[in-house]
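Asks: Quick one: sequence plus predicted model below, questions after.
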Amino acid sequence: MPRDPMLNVLIVLDASPEEPGAPNLFHAWISDLLVELRAFCRVSLFYPVMSATGPFYRLCREETADTVRFFTHVPYKHALF
């Protein structure tokens with residue numbers, strides 16, 4: 001099996017870039033960073049999503065054309081997760 005020369009980078013965020021109330025500057029920075037890194041590596045994001053409904057603390061995976069997103073639903077009462 002040939003080795004894959006592309007690096008895999010995981011970026012851990014404290015909130016979803018699309019989270020309501022997240023600074024637009026933060027969302028723009030993440031978007032620009034993904035564009036820059038895409039040429040050199042595969043990028044994955046991990047972040048918590050504050051939620052009133054579960055399933056709580058389960059790892060969810062969502063794949064888009066340019067990234068793989070991992071997230072977990074966290075109840076509002078544990079916002080410091």
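Replies: Okay, I see it. Numbering: from 1, shown residues only.
Asks: bridging residues for residue 74?
Replies: residue 50 (DSSP bridges).
Asks: In contact with it, which residues?
Replies: Residues in contact with residue 74 (CB atoms under 8 Å, 6 or more residues apart in numbering) are 48, 49, 50, 51, 56, 57, 81. Any C-beta I mention is one placed from the backbone N, CA and C, and that applies to glycine too.
Asks: One more: residue 14?
Replies: With contact taken as CB under 8 Å, 6+ apart, residue 14 is in contact with 47, 48.
Asks: Kindly indicate whether it is helix, strand or coil.
Replies: Following DSSP: H, G, I helix; E, B strand; the rest coil, the label given to residue 14 is coil.
Asks: Next one, pLDDT for it please.
Replies: At residue 14, the model reports a pLDDT of 81.
Asks: Next: the one 5 residues further on.
Replies: The predicted local confidence for residue 19 comes out at a pLDDT of 66.
Asks: Residue 39 now?
Replies: pLDDT at residue 39 comes out at 82.
Asks: Measure how buried it is and give me the count.
Replies: Neighbour count of residue 39, defined by other CB atoms under 10 Å: 7.
Asks: any idea how far it lies from residue 27?
Replies: 21 Å (CB to CB, to the nearest Å).
Asks: which residue ranges form the helices in this protein?
Replies: For the chain, the helices defined by DSSP state H cover 24-38.
Asks: do you know how far the residue positioned nearest the centre of it is from residue 7?
Replies: Centre of the chain computed as the mean C-alpha position; nearest residue by CA atoms, centre = their mean is residue 45, 2.8 Å away. Using CB to CB, one gets 15 Å for the distance from residue 45 to residue 7.
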